[in-house]
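Novice: prediction below, plus the sequence it came from.
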Amino acid sequence: MGTILKDMRHVQWHELRHAQGSASQVPGLLSRIAWGDSESAGDALSDLGRWIAALAVFDATAATVPFLWELAAMRTVKDRVGVLGLLGTILAHGHALHPEWTRDAHLAVLAGRATAERLATDGDPAVSTAAGELLAACGGHACAACPPR
């Protein structure tokens, strides 16, 4: 696995849930985003988005966010813009029946703000733009599930 995503093994993925059930497949998707070719990485990012953020966030979402920040910061990842977009989607969604999942997912995204600030000055203009948009969303974030900032 290398130096990135090495801490995935410490997460009890089989105990977490996403939109389709057990989150045990999440590490495989994150690995494909990290090291797959453009098509494989794009498919994995799309699947992950549907599972952890498209309609709602889940307990697996908060566990996944730190790894998304790692991927966004890694220059070899094929779709860093897509990863930043997924982080923005997570920040925009919640779970009506589980506000604690919403809070945990949102706080995990907000915790990566320093990474977004670094990426806003990235040499890739598309990454810089996506990071700037995410920073704006972080700065304006307020929801009932999150503590006031």
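Specialist: In hand now; what should we look at?
Novice: low-confidence ranges in the chain?
Specialist: The chain contains residues with pLDDT under 70 at 1-2, 149.
Novice: one more time with 90, if that's ok
Specialist: Low-confidence segments of the chain (pLDDT under 90): 1-4, 54-55, 140, 142, 144-149.
Novice: now the helices for it?
Specialist: Applying DSSP state H to the chain gives helices spanning 26-35, 38-52, 59-73, 80-92, 99-110, 113-119, 125-139.
Novice: tell me how many other residues crowd residue 9.
Specialist: Neighbours of residue 9 under the rule other CB atoms under 10 Å: 9. C-beta coordinates here come from the backbone N, C-alpha and C atoms, glycine included.
Novice: I'd like to know how far it sits from residue 62.
Specialist: 17 Å (CB to CB, to the nearest Å).
Novice: coming back round to it: quick one, which of the helices of the chain is nearest to residue 17?
Specialist: helix 59-73 (5.8 Å; CB to CB).
Novice: angle of that closest one against helix 99-110?
Specialist: Angle of helix 59-73 versus helix 99-110, following axes from the mean of the first three to the mean of the last three CA atoms, to 10 degrees, is 10 degrees.
Novice: and helix 59-73, which residues are buried?
Specialist: Buried residues in helix 59-73, defined by neighbour count with 16 or more other CB atoms under 10 Å: 59-73.
Novice: ok, of those, which one's closest to residue 92?
Specialist: The shortest gap between residue 92 and any of those belongs to residue 61, at 12.1 Å (CB to CB).
Novice: what sits against that closest one?
Specialist: Neighbour list for residue 61: 18, 52-53, 90, 101, 104-105, 108 [criterion: CB atoms under 8 Å, 6 or more residues apart in numbering].
Novice: thanks a lot, see you next time.
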